[in-house]
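Asker: Here is a sequence with its predicted model. Questions after.
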Number of protein chains: 2
Amino acid sequence: MAGSAAAASKLPGEGHHRSTRRQQLIDAAITSIAEHGLARTTVARVAEAAGLSQGLLSFYFDGKQALLLATLEYVESEFERVRRTAMARARTAPEWQLDAIIESTFDPTICNPRYTAVWNAFWGEARARADYMRVCSAHETAQLEETIALFREIADPNVDAEALGTAFFHLLDSIPEPFDEVGHFDLERAKRISRAFLASVFRGRFPLTPDATTQASPGEQ
Amino acid sequence: MAGSAAAASKLPGEGHHRSTRRQQLIDAAITSIAEHGLARTTVARVAEAAGLSQGLLSFYFDGKQALLLATLEYVESEFERVRRTAMARARTAPEWQLDAIIESTFDPTICNPRYTAVWNAFWGEARARADYMRVCSAHETAQLEETIALFREIADPNVDAEALGTAFFHLLDSIPEPFDEVGHFDLERAKRISRAFLASVFRGRFPLTPDATTQASPGEQ
DNA sequence: TAGTCCAGTTTGAACGTTCATTCAAAATGG
DNA sequence: CCATTTTGAATGAACGTTCAAACTGGACTA
């Protein structure tokens, strides 16, 4: 029966291709932003990058601004997803959680010129647009506090966990920035610097070694 | 003869008001960018903020883009000027130089919503515009290397001066970012965190005490 | 099976808006 | 009186959105 679960629930533009097309347009928006910047990203350019006509953008999104916001939200969700996955896989000890943060931050899935260009471009306009600011600042606040919490678990009482954690957060947040300057960014170098930071600040706890018996406090010589 | 050193050297639009008007337009551009963002900064808005007619912009600058680039260069030069002044005044020991960097970075002359909004907005578009990128990346590179050099002078051999210096640089660079989020930013808190970072990383050398033997410097306890 | 129908999808040109630039004319002031 | 400065409306280019028309493919009928 019900030959048409489809027909019954179908609003205009709600066919099975809908989410595919939306993602296609988001990918095209990312391409355009990475290639031409946010200011020069036009409906025509997005449509061209997607291989679709201009009119489709307003068919699948409520205008250009809605697509741009969806693009920002998509990139943010990818950042979040990769990080959550890495932290869930890692041991629960704070040292390993921090290592998972490093590994996920510089995972090429999210740390690549396309995504960092998008994040950077929106961040630059976020001051002037409440909708961008909502996404950007929620993301940064959550990650900053998560990082500081881990630092608090590790830090001696005679160092300032908030200051060190904040610096570590901004280190990871900012290193990928000069991506296109050289056209290529060395992710391994970024990880090395980040780990060197932890090793310098928490001598004895870093670098990590895969031994450890119980809670995973790694050995040090 | 020579009644006019003026007339002889005067190109069109080169009267004595020229630099005043240019600065007036730059200030208006800063106002517009801080208030509406770079994307929504139009010739009309800049002219209105300056209290001048639209046509004057193209009279004193080679179009809107030239004004925007001049605005970025002006803000960058202010950053540079305040920093250079502070470092020249401070003792030459690397600890005091780092303290001067903190003090100048969070000097309200340059660390205010207007200037950070401008810097942030241009930085967001820099990937896509070579002229913005030139200014932004030269600035950041110079300051990053200067910071790392100071860290090298202080750091033990068993810590990574580059990693720590890079983190410190990005800490100072990024803290002012969420300026408009709260509409107000606590510069004293920023300085406290920055100094706490140095004290945590270089225990024994920070916090600074005004003793020391050599040259003069401001008292602080 | 072949033919018909139709909701869903796609096109792209037309439209109206916004914007930077231009420039003839007016204003300014020494 | 004239060089310099300022005005602001006109101009044309660029852009986002709209929408009538065309197209698609699966479902239904004969």
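Answerer: Happy to help now that I have it. Residues are numbered from 1 along each chain as shown, chains lettered A, B, ... in the order given.
Asker: List the residues that contact the closest residue to chain B within chain A.
Answerer: Chain B sits closest to A:Gly124 of chain A, with a gap of 1.6 Å, by C-beta to the nearest C-beta. To be clear about C-beta, it is placed using only N, CA and C from the backbone, and glycine gets the same treatment. For A:Gly124, the contacting residues are A:Leu38, B:Leu38, B:Asn120, B:Ala121, B:Phe122, B:Trp123, B:Gly124, B:Glu125, by C-beta atoms under 8 Å, 6 or more residues apart in numbering or on different chains.
Asker: element containing A:Glu125?
Answerer: According to DSSP states H and E, A:Glu125 maps onto helix A:113-126.
Asker: Show me which residues of the helix or strand just after that helix are buried.
Answerer: Downstream of helix A:113-126, the first helix or strand assigned by DSSP H and E is helix A:130-154. By neighbour count on 16 or more other C-beta atoms under 10 Å in any protein chain shown, the buried set for helix A:130-154 is A:132-133, A:135-136, A:139-140, A:143-144, A:146-148, A:150-151, A:154.
Asker: Helix A:130-154 near chain B anywhere?
Answerer: Yes - counting by C-beta under 8 Å from any C-beta of the partner chain, chain B is contacted by helix A:130-154 at A:Met133, A:Ser137, A:Glu140.
Asker: List phi and psi for the most centrally placed residue in chain A.
Answerer: For chain A, the residue nearest the mean C-alpha position is A:Phe79 (2.5 Å; C-alpha atoms, centre = their mean). The main-chain torsion angles of A:Phe79 are listed as degrees, to the nearest 10 and equal phi -50, psi -50.
Asker: Surely A:Thr71 and A:Gln24 touch.
Answerer: No - using C-beta atoms under 8 Å, A:Thr71 is not in contact with A:Gln24, being 11.9 Å away.
Asker: So these two - more neighbours on which side?
Answerer: Neighbour totals were compared for A:Thr71 and A:Gln24, and A:Thr71 leads with 25 against 17 (other C-beta atoms under 10 Å in any protein chain shown).
Asker: list the contacts for the residue nearest to that one when sequence neighbours are not counted?
Answerer: The shortest distance from A:Thr71 to any non-neighbouring residue, by C-beta to C-beta, 6 or more residues apart in numbering or on different chains, is to A:Ala29 (4.4 Å). Residues near A:Ala29 by C-beta under 8 Å, 6+ apart: A:Thr41, A:Val46, A:Ala49, A:Leu67, A:Leu68, A:Thr71.
Asker: Kindly recompute the last result at 7 Å.
Answerer: Counting by C-beta atoms under 7 Å, 6 or more residues apart in numbering or on different chains, A:Ala29 makes contact with A:Thr41, A:Val46, A:Leu67, A:Leu68, A:Thr71.
Asker: who in chain A is up against chain B?
Answerer: Neighbours of chain B within chain A, by C-beta under 7 Å from any C-beta of the partner chain: A:36-40, A:117, A:120-121, A:123-125, A:127-129, A:133, A:137, A:159-160, A:162-164, A:166-168, A:170-171, A:173-174, A:178, A:180-181, A:193, A:196-197, A:199-201.
Asker: what residue ranges in chain A score low on pLDDT?
Answerer: A:1-16, A:177-185, A:211-221 (pLDDT under 70).
Asker: next one: phi and psi at A:Phe206?
Answerer: Per degrees, to the nearest 10, the backbone of A:Phe206 is at phi -130, psi 160.
Asker: try A:Arg129
Answerer: Dihedral pair for A:Arg129: phi -130, psi 120, per degrees, to the nearest 10.
Asker: What's the local residue count around it?
Answerer: Close neighbours of A:Arg129, defined as other C-beta under 10 Å, add up to 19.
Asker: Quick one: residues contacting the residue lying closest to it once chain neighbours are set aside.
Answerer: Nearest non-adjacent residue to A:Arg129, counting by C-beta to C-beta, 6+ apart: B:Gly37, 6.7 Å away. Contact partners of B:Gly37, counting by C-beta under 7 Å, 6+ apart, are A:Glu125, A:Arg127, A:Ala128, A:Arg129, B:Ala121.
Asker: got it, and A:Ser32?
Answerer: For A:Ser32, the contacting residues are A:Thr41, A:Arg45, A:Val46, A:Ala49, by C-beta under 7 Å, 6+ apart.
Asker: Of those residues, keep whichever come out buried.
Answerer: Counted by 16+ other C-beta under 10 Å, those give A:Thr41, A:Arg45, A:Val46, A:Ala49 as buried.
Asker: And the strands in chain A, which stretches?
Answerer: In chain A, no segments count as strands under DSSP state E.
Asker: can you give me the helices for it?
Answerer: Per DSSP state H, chain A carries helices over the ranges A:5-9, A:18-36, A:43-50, A:55-60, A:64-89, A:94-105, A:113-126, A:130-154, A:161-174, A:179-182, A:187-201.
Asker: measure A:Ser104 to A:Ala86 for me?
Answerer: The gap separating A:Ser104 from A:Ala86 is 4 Å, by C-beta to C-beta, to the nearest Å.
Asker: So the two - more neighbours on which side?
Answerer: The neighbour count for A:Ser104 versus A:Ala86, taken as other C-beta under 10 Å, is higher for A:Ser104 (23 against 18).
Asker: My understanding was that that one contacts A:Arg83; is that so?
Answerer: Yes - in this structure, A:Ser104 is within contact of A:Arg83 by C-beta atoms under 7 Å, at 4.6 Å.
Asker: follow-up on the earlier one: just the closest of the contacts of A:Gly124 to DNA strand C, please.
Answerer: Distance to DNA strand C across those (C-beta to the nearest atom of the strand) is lowest for B:Leu38, with 10.1 Å.
Asker: Enumerate every residue touching the closest residue to that closest one other than its chain neighbours.
Answerer: Among residues not flanking B:Leu38 along the chain, B:Ala121 sits closest, at 4.0 Å (C-beta to C-beta, 6+ apart). Neighbouring residues of B:Ala121 by C-beta under 7 Å, 6+ apart: A:Gly124, A:Glu125, B:Ile33, B:Gly37, B:Leu38.
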